[in-house]
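Peer 1: sequence and predicted structure below; questions after.
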Amino acid sequence: MTGAGQPDARRAHLRIDEAVARVSLWKGEDTKVSQLSGGMTNENYMVDAAGQRYVMRIPGQSTELLSIDRENEVYNTKAAATTGIGPKVLEHVPGLNVLVLEFIPGPTMSARTLQSREMVGRMASSFRRLHGSPRFLKDFDMFRLIEYYLGIVDEHQVTIPDGYREWLPVVARIERAVSVGVLPTVPCHNDLLCENFIDDGETLRIVDYELSGNNDPGFDLGNTAQEAELDQDLRAALCEAYFGRKDAQQLARMNLFALMSDIGWTLWGAIQGKISAVEFDFVDYYTGRWKRALEVLSSGDFPVWLEEAKAQNKV
């Protein structure tokens, strides 16, 4: 009896076998490969070879539609590694775009484990180191990425939430508000799921640089605040720890960038639902993102953040 999923499973095994065979790092060694949890775009594996552990990343299909540039990813991962925050790139297989990375021992973080003043202080420290990396290869701008994603939506007939485009004039208002206190762009991660933090016992290391690029550091702070579901007290603590002072304008910008991460990644999730072979409920993901964004857009906090973001040097 042949199950419907068996051909896909065979193709996946062949792809893994080819990737393992093409890596020179462990050529001639016996290898043991096991899949790592997480990863909504790539497949991540731990490879044991000659007493060493490695992480092998195999890219998902059609990820160029998500504006993922593999050359950019490799370059930026290497740059982030120079600060001790990102994992070392041990080998890159260009034809397959397979990355072999340093294995970082330690627990993977979650929203629950990041929700404390101690942890937001550690996150701020990691951000300052990451943002001090050598300049990344390309830039990142969520407002421009939304425009690009909407083009993909039209071209590939992707289903998005009803009424999404009706909010685009409000998105333009957000862009104008955050531009008042704009900060010089620095190397940013831009997609900081809680699981992209690994605690090595001393430092919160940061992995997965697919969507990394030079950006306003406020976006990294806001995106992380949203992913870790930080309340306003912890958001204020993260902002103060990063900037070394209380800053109402940057906190407001951080809150607006947190909102923008939901607005932008709603489209990412919708496109993934159309193209991805990863077993994940992308419909639930993007509808949940959009619902949360609408709640904020309709809240009393939103107009306050817009005004505070535009208030120059309000400390």
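Peer 2: All right, it came through fine.
Peer 1: now stretch 209-226: average pLDDT?
Peer 2: For stretch 209-226, the mean pLDDT works out to 97.
Peer 1: what about the residue nearest to residue 153 when sequence neighbours are not counted, which SS state?
Peer 2: In space, residue 153 comes closest to residue 160 once its chain neighbours are excluded; the distance is 5.7 Å by C-beta to C-beta, 6 or more residues apart in numbering. Heads up, the C-betas are built off the backbone N, CA and C, glycines and all. Look at residue 160: counting by DSSP: H, G, I helix; E, B strand; the rest coil, its state is coil.
Peer 1: all helices of the stretch 201-315 of the chain, in order?
Peer 2: Listed in chain order, the helices of the stretch 201-315 of the chain (DSSP state H, counting those that start in this stretch) span 217-227, 232-243, 248-275, 282-297, 301-310.
Peer 1: quick check, central residue of the chain?
Peer 2: residue 191 (1.6 Å; C-alpha atoms, centre = their mean).
Peer 1: right, and that one touches residue 224 too?
Peer 2: No - shown here, residue 191 and residue 224 do not form a contact pair, counting by C-beta atoms under 8 Å, at 9.9 Å.
Peer 1: mind pulling up the pLDDT for residue 70?
Peer 2: 81.
Peer 1: chain neighbours aside, what residue packs nearest to it?
Peer 2: In space, residue 70 comes closest to residue 97 once its chain neighbours are excluded; the distance is 4.5 Å by C-beta to C-beta, 6+ apart.
Peer 1: dihedrals phi and psi, that neighbour?
Peer 2: When read as degrees, to the nearest 10, the backbone of residue 97 gives phi 50, psi 40.
Peer 1: shouldn't it be in contact with residue 72?
Peer 2: No - using C-beta under 8 Å, residue 97 is not in contact with residue 72, being 11.5 Å away.
Peer 1: which neighbours do the two share?
Peer 2: By C-beta atoms under 8 Å, 6 or more residues apart in numbering, residue 97 and residue 72 have no common neighbours.
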